[in-house]
Every structure is written in C-alpha cells, then in structure tokens.
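Q: generate a structure from the sequence data that follows.
(chains A and B)
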Amino acid sequence: MPETDTNTFYVTTPIYYVNDKPHLGHVYTTTVADVVARYHRLKGDDTFFLTGVDEHAAKVSDKAAEHGLTPQAWADQNAAAFKETFDKLDLQYDDFVRTSSDHHKAKVTEYVAALLKSGDVYEGEYTGWYDAGQEEYVPENKAKDNDYKSEVNGKPLVKKAEKNYFFKLSAYRDELLAHFEKHPEFVQPDARRNEIVNRIKEAQDVPISRTGSGGWGIPVPGDEEQTIYVWIDALFNYLTYVDMDGRRHYWQSGATHFIAKDILWFHAAIWPALLLALRKCEGFSDWHGLGELALPKQVYSHSYWVSESGEKMSKSLGNFLDPAAIDNYVAEFGLDALRYFLATRGPLGTTDSAFSPDLFIETYNADLANTFGNSASRVSNMIGKYFGGFAPDHTATIFAEIDSDAILDESVAQAALVVASRNFEKCVLDFASHAGMLCVSTVDRHIEQTAPFKLAKDESKLPEVGTILYNCAEALRIASVLLWPFIPHKVEDFWRRIGCGHYAEALADHGHGDLDAWVQWGQLKPGTPIEKGDPLFPRYQVEKK
RNA sequence: GGGGGCGUAGCUCAGUGGUUAGAGCAGGGGACUCAUAAUCCCUUGGUCGCGGGUUCGAAUCCUGCCGCCCCUACCA
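A: Residues are numbered from 1 along each chain as shown, chains lettered A, B, ... in the order given. All right, here's what the predicted structure looks like:
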C-alpha cells in the first residue's frame, strides 16, 4: 500500500481496563478515533487505527479466582465484551491489543531489558505507607487525609520499604521540556499543556515494578520476583503492536494518541520519556533502518461526559451509559446518529459535556433529519418528478437572482473542503462537520431563491430547472463525502442512490478514498439514475409541552 | 495544601484589548409548497459568575471572592 507520495497516519485509543464493562467513555474515545481514522482513509492516507484492552491488573487475577477461572480465561471473556461493543458500532480498528498476547509480552520484555542495560531502569527501594489489611501501598496524600490509618479497617498504616525497579524520569526533564517547547502541538488542547510542563519540572523517578502478582503480568527481565507495573506495560502497547514487519512505518510517522484527561501525565510525560530513553539503546537509534525511534506526534486529551445534572458518570453513581443504554440509542436513532452526536457535541475540549437526551434529539433533528436528510429528499424528489429520475443536463443558464451565500459552484466545494480538512487535521470535529452541513444549507437557500418547483410548471424552463437541480445534487454529493467520517452508513446509502456506489466500495474493509478527486465539481454525470428512497434520517417526533 | 482549567443569550458553545458581544438550537412573526409539519426570511433574548484594579478602551490583562472540574508517584 505505501506509495512514495502517500501520507501515513497512526491513531490510537487507550487500551481499556478489562475488568470494567464497556461504557460510554470507552465508546466515545474509540468513536472519535474512528472518525479521525476514517477521514484519513477517505483522504487516501495509509492509516492504522489501534485500540484494545489492558489485562495485566491485579484485579483481573483476583476476579478470575473468584469466578474459578484462570486470569487468561477471565481476560478472554472480558476482552470479547469490548470487541463486541466496538464491532456492533462498526468502529473499524485495524488491530485490537491484548496485553496478554505473546507478541506484546515479548516486546515489552525486550524494551525493559534494553532500558535495564542502559541504566535508565535501575533497582531501587520504594518506601511508602502500607495497608497490611489491603496488601497495598497508600499514596502519601491519601494516607494523610485518613490520619495515616487504613481507609478500610482503621488500623494504623506502617512505613514499609521494598525493592522495586525505577525509571529514571528525572534524567529526562530537560529533553521533555525542550520537546514541549519545540512542538507546542504535542499536547492538545493547549490549556492542558501548562499543567504538564509545570509538573515535569519537578518530576521524580517512578517505580515501574511490583511484587506478588502471582504470575499474572510481565516479569522484569532477569528478576522473576518482580512484575512490570500495568501502566508501563500498557503504555508500551502503542509501540509493540506496530513493532513488527510491515507496520513500523506507522510508528515513525508519529502517533496520535486520544486519551481522557485523567491519564494525561502518563501519556504526555512518562511515555515520551520512556521513548527518549529507549532511543539511546542499542537497536533504537536506527530502528530497523528507519532512523531514530520516533516520539508520538500528538497526545489529545479530552474531557468527560457527565450526567445532565453535571455529575461525573461513574460506576458508583450508577449513572453512566452502559452497553444496554447505548444499544437503545442505536435502536431508536441508528448507528450514525450516535456517532454524529458523540463526535460533534462531545467533550473534546477542556470542559465536560452533558449527555442530554434532549440535546441528542435536537442535534439529530436539526442536522441529520432537517438538513442533510431533508435536502437529499427534496432534490432527489424533484429530479424524479421533472427528469424521470435521471441527473439532468446542466448547460442551461440560470436567470434567477441569487445572493452570494446561495450560489452553488466549484467555489462552494473548494471552500467546504478547506474548512473540513483544516478542522479534521486539528481534530476540531464539530467545525469539521459544519463544513459539510454548510454546504447542505447552501443547497436549501439555492432552491428557495431559484424556485425550480415554480419554473418546472413552464415546460420551456425545464433546461434551467435541470441546471439548478444538477448543481444541488452536486453540492449534496460533495457534502456527503465530507460527512462520511461522521455518518458513513447513511452516506453510503445516499451514494448508492446517486450512482456513487463505487465510493462505498473503495472505502469498504478499511479501504481508501480519493477525497481531492471526489470533491471536484462536476463529477456527477448527467443521465445517472437518481433514486429518492426512504428518508435517510426520519425526523424524531417530540411531544410538545 | 500545591498546580492547572472552566464559569458568555432558555440550551450547547464561539469569541484573549478596540466599532452597538456572535453562531446553532429553542421561542415569536412572516413567506413558500419541491421536501421528512420540512425549508427560506425577519425577530425576541445577554449587568460576558461577583467585587476591585490597570488602560483612552476589557468578556479578553492583574487581583480578591464564589461555584464546578482535572492532576498531585503505582488502583488509567
């Protein structure tokens, strides 16, 4: 696939903690990544989209034991639930990470061994407040909050020291700060960068191993007593799954990591520092002949969906959208409506977003039913009525006076492409969708001002009507291409109705499009059968108070 | 306790020093009838959280307060 002039795009989601059930938060991040990945495939980029699950947590082996299963069997079961959720939503990831896979384990072992050899991972001693009842260390601030007593049984915590391996994060402060300086777009949104920069200045070495994992997890190379911490194990997934023949160029092109704001520190500080450290190791300064091991291009940290009353959706409050609730939305409104809402009304910025059923319906009716769906209906209906269902000729002149914001020609297509592209590149998805929607609104205004339905009553004016409707259909076709990443299934239906089914075929099964060619004005051939079909997005009737 | 962010029309949000603060949706009025009671035009609506300060001029910069959120070495 990679041609010399093909761009490469690599996008990831976090790998999800496998003991949780999939919920709205997981679906959201994965949907955002899918929309962006589809944009790149549409554009013709050699694209790789990775998601998956994080399995090596202590709770996984605990829970497995409770259920009388091996940790692996338990993990298999839960990983399948995530896969099923994502597959049902047609989120087209290119591979699905399992941290319990042999490949991942072997690669993590290789990386950590290299870091041990270079000295960036070293043996040290961790001292902290230990809760003997819970068999776990309590962070200093939490211990203090509870007056140095166990949160669970109230017994005093004890100072305990144990051997651990540490990563020399402190040695990479300057390099990290220099990287932030040189690449201001590394952490997005901008506002998030400050808190990380401040914290890097004070960064201490971090422990990266623990004991007593009962064989679940990846051992520290050369020290079977110690297991690599899950979060280090997990971070490496972004690299392990492309560290194989045929995929390494994805890593070198610079990854885009979508994450939620709570795990920004790991991704914006520890992860690049690990890579900087790895770069100095044998075999990574010229990684498989591809040059110095790359750093991620961008870490995009989004906020949370909250309930209507503004509370964080959480398990303990029992107010988050679980797979059943998500299924209900899909059943009622369709897959594309859910995607469109999540991607365009979601918390991509620094502020949390409320998941409100009213707002969902409002967005669905306003953008999908009344704008795109309705415009497609009126144009295809008139072509059916006045031209027997075939795209008309467009050589006649239009005599109506048209305002500048209602003109339909190649400049509209070009402007929409520019706006959509710029915003997709910056991951500003609401604005990216507006580009296509604006194109559709222009069609509605154009129809209003040229009134083809009036002209059609006079047979001598049919050629003019033909030009008007041809331009409308062309603008809708171009809008639909720009909207495909958001509402792929309905757009593909629409394409089949207007003789563009080959777009859908090209994009099927992780295929690639040709955005620049497809948004050229005048691609629709006169004489092409145009089918009206059922409404793409039937309006949702709301009971009025 | 420390660091960071947010608070703008009924709702969701743009807007980081400069004319009477904007958009979409909702509300009101009108037009049209090709269309999914859709669409198009016009329109109501804001002491920009509160108080001080800097400035010729602040939603925008500084400061105090109030409310909400994130991070603060291992539970993503």
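
Q: contacting residues around the residue nearest to residue A:298 when sequence neighbours are not counted?
A: Closest residue in space to residue A:298, ignoring its immediate chain neighbours: residue A:256 at 4.9 Å, by Cβ to Cβ, 6 or more residues apart in numbering. (Glycine included, C-beta is placed from N, CA and C.) Residues counted as contacts of residue A:256 (Cβ atoms under 8 Å, 6 or more residues apart in numbering) are A:9, A:10, A:11, A:12, A:36, A:296, A:297, A:298, A:300, A:427.

Q: and if we set it to 6 Å?
A: Neighbouring residues of residue A:256 by Cβ atoms under 6 Å, 6 or more residues apart in numbering: A:11, A:297, A:298.

Q: okay, and which of these map to strands?
A: A:11, A:298 (DSSP state E).

Q: of the contacts of residue A:256, closest to RNA strand B?
A: Nearest to RNA strand B among the contacts of residue A:256: residue A:11, at 16.3 Å, using Cβ to the nearest atom of the strand.

Q: for the residue nearest to residue A:298, give its distance to RNA strand B.
A: Counting by Cβ to the nearest atom of the strand, to the nearest Å, the gap from residue A:256 to RNA strand B is 16 Å.

Q: that residue sits in which helix or strand?
A: strand A:255-260 (DSSP states H and E).

Q: adjacent strands (with direction) for that strand?
A: strand A:8-17 (parallel), strand A:298-302 (parallel) (DSSP bridges).

Q: using CSV, write down the CA coordinates of the last one.
A: Listed in CSV are the C-alpha atoms of strand A:298-302, where the atom choice follows Å, rounded to 0.1, in the frame of the first residue of the first chain:
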residue,chain,number,x,y,z
GLN,A,298,0.3,14.3,19.5
VAL,A,299,-1.5,13.4,22.7
TYR,A,300,-5.1,14.6,22.6
SER,A,301,-6.7,14.7,26.0
HIS,A,302,-10.4,15.0,26.0
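
Q: for the residue in chain A that RNA strand B sits nearest to, which non-adjacent residue is closest in space?
A: Across chain A, the shortest distance to RNA strand B (Cβ to the nearest atom of the strand) belongs to residue A:373, at 1.8 Å. The spatially closest residue to residue A:373, leaving aside those adjacent along the chain, is residue A:537, at 3.9 Å (Cβ to Cβ, 6+ apart).

Q: and the one you found, what's its pLDDT?
A: pLDDT for residue A:537: 97.

Q: ok so it is a helix residue?
A: No: counting by DSSP: H, G, I helix; E, B strand; the rest coil, residue A:537 is not found in a helix; it is coil.

Q: flag every residue of the stretch 151-300 of chain A that's near RNA strand B.
A: A:164, A:190-192, A:194-195, A:198-199, A:204-207, A:210, A:229-231, A:233-235, A:260-266 (Cβ under 7 Å from any atom of the strand).

Q: show me what secondary structure element comes after the lowest-mean-pLDDT helix or strand in chain A.
A: Lowest mean confidence among the helices and strands of chain A (mean pLDDT, DSSP states H and E): helix A:140-145, at a mean of 62. Downstream of helix A:140-145, the first helix or strand assigned by DSSP H and E is strand A:158-167.

Q: now do that following strand: everything it contacts.
A: Identification of contacts with strand A:158-167 by Cβ under 6 Å, 6+ apart yields A:121-127, A:130, A:205-209, A:220.

Q: ChimeraX command for the buried members of those residues?
A: Command for ChimeraX that selects the buried part of the contacts of strand A:158-167, burial taken from 16 or more other Cβ atoms under 10 Å:
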select /A:121,130,206,207,208,209,220
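
Q: widest-spaced pair of the contacts of strand A:158-167?
A: Across these, the longest distance by Cβ to Cβ is 23.3 Å; it joins A:121 and A:130.

Q: what does the helix or strand hosting residue A:238 contact?
A: Taking DSSP H and E as the criterion, the element that holds residue A:238 is helix A:237-240. By Cβ under 6 Å, 6+ apart, the residues outside helix A:237-240 that reach it are A:12, A:15, A:97, A:104, A:107, A:255.

Q: next, count neighbours for the nearest residue to the fifth one once chain neighbours are set aside.
A: In this case it means residue A:107. Closest residue in space to residue A:107, ignoring its immediate chain neighbours: residue A:240 at 3.9 Å, by Cβ to Cβ, 6+ apart. Residues lying near residue A:240 (other Cβ atoms under 10 Å) number 21.

Q: just among the contacts of residue A:256, which is most surrounded?
A: Counting neighbours by other Cβ under 10 Å, the top entry in these is residue A:11, with 28 neighbours.

Q: show residues contacting stretch A:346-363.
A: A:28, A:189, A:191, A:302, A:303, A:304, A:305, A:306, A:308, A:341, A:345, A:540.

Q: let's go with 8 Å and repeat that
A: Applying Cβ under 8 Å, 6+ apart, the contact partners of stretch A:346-363 are A:24, A:28, A:32, A:189, A:191-192, A:261, A:300, A:302-308, A:310, A:312-313, A:321, A:329, A:333, A:337, A:340-341, A:344-345, A:427-430, A:540, A:542.

Q: now list the buried members of those residues.
A: Neighbour-count burial within the contacts of stretch A:346-363 applies to A:24, A:28, A:32, A:189, A:192, A:261, A:300, A:302-307, A:313, A:321, A:329, A:333, A:337, A:340-341, A:344-345, A:427-429; the criterion is 16+ other Cβ under 10 Å.

Q: that older thread, got CSV for the strands paired with strand A:255-260, with mean pLDDT too?
A: Formatted as CSV, the strands paired with strand A:255-260 follow (pLDDT from 0 to 100):
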stretch, mean pLDDT
strand A:8-17, 93
strand A:298-302, 91
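
Q: and those: which comes nearest residue A:393?
A: In terms of Cβ to Cβ, the element of the strands paired with strand A:255-260 nearest to residue A:393 is strand A:8-17, at 39.9 Å.

Q: chain center to the closest one, what's the gap?
A: 8 Å (Cα atoms, centre = their mean, to the nearest Å).

Q: could you give the angle of the very next helix or strand once past that strand to strand A:8-17?
A: Toward the C-terminus, strand A:8-17 is succeeded by helix A:24-43 as the next helix or strand (DSSP H and E). Angle, helix A:24-43 to strand A:8-17, by axes from the mean of the first three to the mean of the last three Cα atoms, to 10 degrees: 170 degrees.

Q: tell me the buried residues in helix A:24-43?
A: For helix A:24-43, burial by neighbour count (16+ other Cβ under 10 Å) applies to A:24-43.

Q: how does chain A divide into domains?
A: Residue ranges for the domains of chain A, per automatic domain parsing: A:8-306, A:356-518.

Q: before we move on, the earlier item: give me the pLDDT for the residue of chain A closest to RNA strand B.
A: 97.

Q: and it, how many residues sit next to it?
A: Other residues within reach of residue A:373, judged by other Cβ under 10 Å, total 22.

Q: pretty sure it contacts residue A:532?
A: No: look at residue A:373 against residue A:532 with Cβ atoms under 8 Å: they stay out of range, at 11.7 Å.

Q: about what we covered before: in CSV, list the contacts of helix A:237-240 along with neighbour count.
A: As requested, the contacts of helix A:237-240 are exported to CSV (neighbours: other Cβ atoms under 10 Å):
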residue, neighbour count
A:12, 28
A:15, 24
A:97, 26
A:104, 25
A:107, 19
A:255, 23
